[in-house]
Every structure is written in C-alpha cells, then in structure tokens.
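Chemist: need coordinates for the below:
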Amino acid sequence: MSMKFTQLQCKEVICVSDGRRLGFIADVQVEITEGKVCAIVVPAPCKGLGMLGRREEFVIPWSAIRRIGPDIVLVDTHPDECRVCRSRGGKDN
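Modeler: Residues are numbered from 1 along each chain as shown. Modelled structure (predicted):
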C-alpha cells in the first residue's frame, strides 16, 4: 500500500483504547537511513482558547497504528504516554 503525505494529513487520529479524538496528522518522522516512517505527529489541543498556542504534540509510533481508513487513522496507544513538548520555535535540532 502506498499513500502520499498529503493524503495522510487529511486523516483524523482516533485512539482505540478510549475513543479519544487526538486531532489531524500534521507531520511524520522518517528514519532517513532506512527510508521508513517511524511516527506520525499530531498537534495536541490548544489551551486557553487557542491564545496560548500549542506547546505539545502527540508523537505516535508507526507500530501503534492499527488501521488507516478513508477518513481516520486508528491507533492503539495511551495519548498521555506519547505527548511531548514541542521544541522552542517549532524546529528540531
């Protein structure tokens, strides 16, 4: 199965353990040397009515993905375990 990144971005991520809607895929992490997708990145919900911005995101390992459907991606993970703080300025070193 092949899929373009733009097609993946249009999909909402749902956690199968509790039914929580995590958001939409914003990015992917790729292992360049192996040419494999390692994880999907979903921005965490905004705090303070969106005025404070998003400081956290869910980094969900590719192995946690259970099914990719036409509109959603089902993941089997605990959202609190894959929540990470974004680096300052939104760029990784």
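Chemist: now the longest strand belonging to the chain, how far from the centre of its chain.
Modeler: When the chain is parsed with DSSP state E, its longest strand is strand 36-43. Averaged C-alpha coordinates place strand 36-43 at 6 Å from its chain's average position (Cα atoms, centre = their mean, to the nearest Å).
Chemist: quick one: buried residues of it?
Modeler: 39-43 (16 or more other Cβ atoms under 10 Å). Just so you know, the C-beta spots here come from the backbone N, C-alpha and C atoms, and that holds for glycine as well.
Chemist: who's in contact with the nearest residue to residue 12 once chain neighbours are set aside?
Modeler: Distances taken as Cβ to Cβ, 6 or more residues apart in numbering place residue 72 nearest to residue 12, at 5.0 Å, with adjacent residues excluded. Residue 72 sits next to 11-14 when contact means Cβ atoms under 8 Å, 6 or more residues apart in numbering.
Chemist: as a check, name the ranges of all helices in this protein.
Modeler: In the chain, the segments counted as helices under DSSP state H are 5-9.
Chemist: any regions of it where pLDDT drops low?
Modeler: Scanning the chain for pLDDT under 70 picks out 1, 46-54, 86-93.
Chemist: picking that back up, so which of the contacts of residue 72 comes closest to residue 63?
Modeler: residue 13 (14.6 Å; Cβ to Cβ).
Chemist: that closest one is in contact with residue 23, isn't it?
Modeler: Yes - using Cβ atoms under 8 Å, residue 13 is in contact with residue 23, at 6.2 Å.
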